[in-house]
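# Predicted model and sequence below, questions to follow.
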Amino acid sequence: MIKEQESNTRKALHKVMDSYYKLSNDTWQSISNISTFLTVEKNDYLCRSNEFQTGFYFVGYGLFRVFIVDEKGHEYNKIFFEEHSFPGSMVSLLKNEPSNFEIQALENSSVLHIDFKKYRELLLKTEDLKLFHIFYLEKNWLIDKSSREVSLVQDDAQDRYLEFLEKYPQLSTRLTQYHIASHLGITPTQLSRIRKNILS
């Protein structure tokens, strides 16, 4: 069962990377060599605040949240990572500093851990991986991130919820009301009112 999960996760990573830019067989083999398959139990962590990280991840199966905790102990869910996405504390890795957020499994999950130092070495000498990296960053860090930042400033809570449902329709049934509300920057009570208002 574990071997099958690992095989399926590696195939999924290959397919996702090729969707941004097709990798040569040699580059793919190098990526495969620096990745390690892991299973993660629900509520366990990939990343803890104030800890140094050694790599980032690819989700083969499962669901994760990235969150921060303020001085009063309130949690804020920055983003969710479902199947075929790449969670990781990238700023921490780039700056070689402890992470300022946590990554927690919301379901039993399987991931590939990709060694960041070896990935960077490969990135600097491999043209097809460079192009994958550029196209991935353009879509996920420039276009999508900018859209979310504008929404947080300009849209009211109901509009943000409707946008969340449009962008992540499958997550609405996998996440608790608490986690969705935390992501939208509102309370679960406020979210309950919004949902009732939409249905009325």
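Done, it's in. Numbering: from 1, shown residues only.

# who does the helix of greatest length in the chain touch, helix- and strand-wise?
Ranked by residue count and defined by DSSP state H, the top helix of the chain is helix 2-20. Using 3 or more CB pairs under 8 Å, 6 or more residues apart in numbering; DSSP states H and E, the elements in contact with helix 2-20 are helix 25-33, strand 35-40, strand 55-61, strand 109-115, helix 127-137. (C-beta placed from N, C-alpha, C; glycine too.)

# any chance of these in CSV, plus mean neighbour count?
As requested, the helices and strands packed on helix 2-20 are exported to CSV (neighbours: other CB atoms under 10 Å):
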stretch, mean neighbour count
helix 25-33, 14
strand 35-40, 18
strand 55-61, 22
strand 109-115, 21
helix 127-137, 15
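
# Any idea which of those gets closest to Lys11?
Among the helices and strands packed on helix 2-20, strand 55-61 comes nearest to Lys11, with 8.9 Å by CB to CB.

# looking only at pLDDT, what's the mean for that closest one?
Averaged across strand 55-61, pLDDT comes to 97.

# Stretch 103-112 now?
Here the average pLDDT along stretch 103-112 is 97.

# from now on call the first residue 371
Taking 371 as the first residue, the last one we looked at is stretch 473-482.

# so where's the chain shaky on pLDDT?
512-525, 570 (pLDDT under 70).

# Can you pull out the residues in contact with the longest helix of the chain?
393, 398, 401-402, 405, 407, 409, 428, 430-431, 453-454, 480-482, 501-502, 505-506, 509 (CB atoms under 8 Å, 6 or more residues apart in numbering).

# Any buried residues in it, and which?
Across helix 372-390, burial judged by 16 or more other CB atoms under 10 Å covers 376, 379-380, 382-383, 386-387, 390.

# CA atoms of it as CSV?
Extracted C-alpha coordinates of helix 372-390, given in CSV (Å, rounded to 0.1, in the frame of the first residue of the first chain):
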residue,chain,number,x,y,z
ILE,A,372,2.8,2.4,1.0
LYS,A,373,4.8,1.6,-2.2
GLU,A,374,1.7,2.2,-4.3
GLN,A,375,1.1,5.6,-2.6
GLU,A,376,4.7,6.6,-3.2
SER,A,377,4.6,5.6,-6.8
ASN,A,378,1.3,7.5,-7.4
THR,A,379,2.7,10.6,-5.6
ARG,A,380,5.9,10.6,-7.7
LYS,A,381,3.8,10.2,-10.9
ALA,A,382,1.6,13.1,-9.8
LEU,A,383,4.7,15.3,-9.1
HIS,A,384,6.1,14.5,-12.6
LYS,A,385,2.8,15.3,-14.3
VAL,A,386,2.4,18.6,-12.3
MET,A,387,5.9,19.8,-13.1
ASP,A,388,5.5,18.9,-16.8
SER,A,389,2.3,21.0,-16.9
TYR,A,390,4.4,24.1,-16.3
